[in-house]
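[1] Got a predicted model here, sequence first, then my questions.
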Amino acid sequence: MKMFAPLFLLLAVLSAVCADSATASKPNIVLVLADDLGYGDLGCHGNRQVKTPHLDAFAHEAVELTNFHVSPVCSPTRASLMTGRYNFRTGVCDVFGKATVMDSSEVTVAEALKQAGYATGIFGKWHLGDDGEHAPNAQGFDESLVHRGPAMRKYFDPDLLHNGTPVKRTGYCMDIFTDAAIEFVKKNRAKPFFVYLPANLIHTPLQVASELAAEFDALGLSDNTQKIHGMIRSVDNNFGKLRATLKELELEGDTLLIFTSDNGPCSGSKPVDRHMAGLHGLKGTVYENGIRVPCFMRWPMGFKSPAKLTRLAAHIDAMPTILEACGLPAAPKVDGRSLLPLLRNPSAQWPDRRLFFQWDSGQQPRRGHAFTVLTEKWKLVQPCGMDAPNQQHIRDRYAELCRLQGRGERSIEGALRYELYDIAADPGETKDLAGKHPDIVEQMKTEYNRWFTEVAARWQTEPK
Ligand SMILES: [Ca+2]
């Protein structure tokens, strides 16, 4: 038996070397981000009206993150996805104008990957500054095909920017962006690549090929919802096409493929006859349907799937997760955590955390307005802002939300107090427990104030 010892030793060494090289491997990263796609917009989340076979199949093969949160609107989520940081730190606090322009000094995940030898491409909606040092090509992307600003007017034959140069492309936006991503994958198949495909669907305007919307003719839906379903169909078809390419090129095994959305469903789909999966709120609110979104991750060579990951996670975790998967050092000053230990073992030790989300529509954030503090068990909500009754647009938005969600005519004054939910037991946010647990409310308010002071430090003139 002794004579085999050196062989065993050699095998042990070889296996250690293989493990090391696996750790140091550079998986491809493909991050697909839908726009305004709600948690309930997928067949796998109980929606019986939509047709999402490709996403449903992926959900069933991937690790599903069932407790994944983002900001209530587009640019803030995108800033956090790209940097691992709370959006206020990056200069981004809204969806229009200067408030969407991310500091050029921010280190994006694309910059980190490019520096590590990755080919990097973005195809779709950047929404973090269109020009100069803020444009995607200056923020780590070798290749970019994007539209300007918050939204396109024309989804067919759109005007786009290709590496900063205005171009006109023929066809439907979702097909154009996906085809460009596929072309990029094919061109860079021999080296590690990062594809960021932030679709502009299913954001308004509701423009989609009539044959896609016609698939839902028999359901008796409103015209808008029917179009939304057609747009979801396009997202699903194109996701399927992209995934098929990865399979055909035998790249899927060593690709970390992520699908998620930037915020919940938009109230533009009036009347809202959409499946909400039992969640309350809409895009623009910090209720769950505004900020809890679908999220699936799969990397066959990196972690086992299918599985459910139920721990609290968020957009700020994407960059730390990606960097760890690529064997790269964590970026400094991030707010998120790598989810890789949980992806490898969903029951791994994972200390509870506090997450914060806020959006109150304006060119600078205001303390105490429209925010939430979230833990695994408790959720503190301040839905509007303490001076909301003086602002007509906030009154209107809140009234609309109550009406759309069938919660009656709650007065705006009723929203001035803080709400507290046992979110683990009551994900639909039906029972406000603030009156029962004033100590928890106070503690979470204190934590929020500490957070706001830190992340919004650049807006020092903010009213107290
Ligand atoms: Ca959005």
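    Nice, I can see it. Residues are numbered from 1 along each chain as shown.

[2] is it true that Lys445 lies in a helix?
    Yes. Lys445: assigned to a helix according to DSSP: H, G, I helix; E, B strand; the rest coil.

[3] and the gap between it and Asp439?
    11 Å (CB to CB, to the nearest Å). Any C-beta I mention is one placed from the backbone N, CA and C, and that applies to glycine too.

[4] Using CSV, list the CA coordinates for stretch 44-53.
    Extracted in CSV, the C-alpha atoms of stretch 44-53 (Å, rounded to 0.1, in the frame of the first residue of the first chain):
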residue,chain,number,x,y,z
CYS,A,44,-43.4,31.3,-12.6
HIS,A,45,-44.7,33.8,-10.1
GLY,A,46,-48.3,32.7,-10.6
ASN,A,47,-49.2,35.0,-13.6
ARG,A,48,-51.7,32.9,-15.7
GLN,A,49,-52.0,35.6,-18.4
VAL,A,50,-48.5,36.1,-19.6
LYS,A,51,-46.4,33.8,-21.7
THR,A,52,-42.8,33.6,-20.3
PRO,A,53,-41.6,30.1,-21.1
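
[5] Let me know the average pLDDT across that stretch.
    For stretch 44-53, mean pLDDT is 96.

[6] need the contact list for Thr310.
    For Thr310, the contacting residues are 66-67, 346, by CB atoms under 8 Å, 6 or more residues apart in numbering.

[7] And Met301, by the same measure?
    22, 25, 27, 253-254.

[8] 6 Å - rerun?
    253-254 (CB atoms under 6 Å, 6 or more residues apart in numbering).

[9] any idea how far it is from Phe184?
    From Met301 to Phe184 the distance is 21 Å (CB to CB).

[10] Kindly report the same for Ala457.
    For Ala457 relative to Phe184 (CB to CB), the value is 38 Å.

[11] So for those two, which residue has more residues nearby?
    Phe184 (22 against 11; other CB atoms under 10 Å).

[12] buried set for the helix or strand hosting Ala112?
    Assigned by DSSP states H and E, Ala112 belongs to helix 109-115. Within helix 109-115, the residues that count as buried by 16 or more other CB atoms under 10 Å are 109-114.

[13] Just the CA trace of the helix or strand following it, in CSV.
    Proceeding N to C from helix 109-115, the next assigned helix or strand is strand 119-125, under DSSP H and E. Once non-C-alpha atoms are left out, strand 119-125 reads as follows in CSV (Å, rounded to 0.1, in the frame of the first residue of the first chain):
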residue,chain,number,x,y,z
ALA,A,119,-14.4,42.3,-23.0
THR,A,120,-17.2,44.5,-21.8
GLY,A,121,-20.4,45.5,-23.7
ILE,A,122,-23.7,47.3,-22.8
PHE,A,123,-26.8,47.0,-25.0
GLY,A,124,-29.9,49.0,-24.0
LYS,A,125,-30.6,51.6,-21.4
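
[14] and the next helix or strand after strand 119-125, which strands flank it?
    Under the assignment DSSP H and E, the closest C-terminal helix or strand after strand 119-125 is strand 143-147. Strand 143-147 has its sheet partners listed here by DSSP bridges as strand 119-125 (parallel), strand 159-162 (antiparallel).

[15] what's the offset of strand 143-147 from the middle of its chain?
    Relative to its chain's centre, strand 143-147 lies at 19 Å (CA atoms, centre = their mean, to the nearest Å).

[16] send the alpha carbons of it over as CSV?
    Output in CSV follows, covering the C-alpha atoms of strand 143-147 (Å, rounded to 0.1, in the frame of the first residue of the first chain):
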residue,chain,number,x,y,z
GLU,A,143,-18.7,48.4,-26.8
SER,A,144,-22.0,50.3,-26.3
LEU,A,145,-25.2,50.5,-28.1
VAL,A,146,-27.6,52.5,-26.0
HIS,A,147,-30.4,55.0,-26.1
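
[17] Run through who's touching that strand.
    By CB under 6 Å, 6+ apart, strand 143-147 touches 121-123, 126, 136-137, 160-163, 180, 184.

[18] Report the buried members of these.
    Here, 16+ other CB under 10 Å leaves 121-123, 126, 136-137, 160-161, 180, 184 buried among these.

[19] from those, which is closest to the ion?
    Trp126 (12.7 Å; CB to the ion).

[20] OK, contacts around that closest one?
    So Trp126 contacts 136, 146 (CB under 6 Å, 6+ apart).

[21] Could you rerun that using 8 Å?
    Applying CB under 8 Å, 6+ apart to Trp126 gives the contacts 78, 135-136, 144, 146, 198.

[22] cool, and Gly129?
    Applying CB under 8 Å, 6+ apart to Gly129 gives the contacts 100-102, 104, 135.

[23] if I look at it, how far off is Pro383?
    Computed with CB to CB, the distance linking Gly129 and Pro383 is 29 Å.

[24] sorry, back to before: name the residues that touch the helix holding Ala112?
    29, 81-84, 120, 122, 136, 139-142, 192, 194, 196, 318-319, 322-323, 326, 328, 331.

[25] longest single helix anywhere in this structure?
    Counting by DSSP state H, the longest helix found in the chain is helix 223-248.

[26] Averaged pLDDT, that one. What do you get?
    96.

[27] and the angle from it to strand 119-125?
    If you take axes from the mean of the first three to the mean of the last three CA atoms, to 10 degrees, helix 223-248 sits at 170 degrees to strand 119-125.

[28] Show me what counts as buried in helix 223-248.
    Result for helix 223-248 [16+ other CB under 10 Å]: buried residues 224-240, 242-243, 245-246.

[29] So what's the predicted local confidence for the nearest residue to Thr255 once chain neighbours are set aside?
    Of all residues not flanking Thr255 in the chain, Asn28 sits nearest, at 4.1 Å (CB to CB, 6 or more residues apart in numbering). Looking at Asn28, its pLDDT is 98.

[30] domains for this protein, by residue range?
    26-344, 355-455 (automatic domain parsing).

[31] how far does the longest one sit from the chain's center?
    Distance of domain 26-344 from its chain centroid, counting by CA atoms, centre = their mean, is 6 Å.

[32] Quick one: end-to-end length of it, please.
    17 Å (CA to CA, to the nearest Å).

[33] residues contacting Gly171?
    156-157.

[34] Tell me how far it lies from the ion.
    22 Å (CB to the ion, to the nearest Å).

[35] Repeat that for Gly46.
    Taken as CB to the ion, the span from Gly46 to the ion is 22 Å.

[36] With Leu380 instead?
    24 Å.

[37] now do Thr225
    Using CB to the ion, Thr225 is found at 17 Å from the ion.

[38] go on, Arg311?
    Separation of Arg311 from the ion (CB to the ion): 24 Å.

[39] residues near the residue nearest to that residue when sequence neighbours are not counted, how many?
    Nearest non-adjacent residue to Arg311, counting by CB to CB, 6+ apart: Trp350, 5.1 Å away. Trp350 sits with 17 neighbouring residues when counted by other CB under 10 Å.

[40] again with the one 3 residues further on
    Neighbourhood size, Arg353 [other CB under 10 Å]: 16.

[41] my guess is it meets Arg311, correct?
    No. The pair Arg353 / Arg311 is not scored as a contact, 9.1 Å apart, by CB atoms under 8 Å.

[42] need the contact list for Ala34.
    Counting by CB under 8 Å, 6+ apart, Ala34 has contacts 199, 201-202, 235, 259-262.
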